[in-house]
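Colleague: task: produce atomic coordinates for the following.
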Amino acid sequence: MAPAEPPAAHVVRFGASTIDLDLRVFLPNVDARLQVRNDLLEAIVAGLTQAGIETAFPQLDVHIRSAPPGAIAAVPALGDVTQPADPPPP
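Modeller: So this is what the prediction gives:
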């Protein structure tokens, strides 16, 4: 059997607000890949947290310009959001 390759991390690309990395590890038993992947991801998150590094998550802000009366209140997650005043007529 060939000797195991050491783990390696490479910068793949610079995204709009990310640095994308590729982590390569040698697995003597490929059947364990899902558990190993999970363990690595958990260790990475724990290490980043311990170092005080926050990870960004994609988000989308939705601005509702107008809606029929009561429409916003009908959506439970938006029920406590105040509806903006109607814009003045053109």
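
Colleague: quick check: phi and psi on L21?
Modeller: With angles defined as degrees, to the nearest 10, L21 sits at phi -110, psi 150.

Colleague: bridging residues for it?
Modeller: Beta-bridge pairing of L21, defined through DSSP bridges, involves V11.

Colleague: wait, doesn't I72 sit right on V62?
Modeller: No. Judged on CB atoms under 8 Å, I72 makes no contact with V62 at a distance of 11.3 Å. C-beta here means a position set from N, CA and C on the backbone, and glycine is covered the same way.

Colleague: where does the most centrally placed residue in the chain land in three-state SS?
Modeller: Centroid-nearest residue in the chain: F57, 3.5 Å away (criterion: CA atoms, centre = their mean). Secondary structure, DSSP: H, G, I helix; E, B strand; the rest coil: F57 is coil.

Colleague: what is the neighbour count of I44?
Modeller: 13 (other CB atoms under 10 Å).

Colleague: thinking again about what came up before, neighbour count: I72 and V62, which is higher?
Modeller: I72 (16 against 5).

Colleague: just the helices in this protein please.
Modeller: Along the chain, the stretches classed as helices by DSSP state H are 33-50.

Colleague: what helices or strands is the lowest-mean-pLDDT helix or strand in it leaning on?
Modeller: Across the helices and strands of the chain, the lowest-confidence element by mean pLDDT, DSSP states H and E is strand 19-24, at a mean of 91. Under the contact criterion of 3 or more CB pairs under 8 Å, 6 or more residues apart in numbering; DSSP states H and E, strand 19-24 touches strand 8-14.

Colleague: low-confidence regions, the chain specifically.
Modeller: 1-3, 76-90 (pLDDT under 70).

Colleague: give the contact list for V36.
Modeller: Applying CB atoms under 8 Å, 6 or more residues apart in numbering, one finds that V36 lies in contact with 25, 27.

Colleague: an error on my part: the question was meant for E5.
Modeller: Applying CB under 8 Å, 6+ apart, the residues near E5 are 24, 26.

Colleague: please redo it, this time with the cut-off set to 7 Å
Modeller: Counting by CB atoms under 7 Å, 6 or more residues apart in numbering, E5 touches F26.
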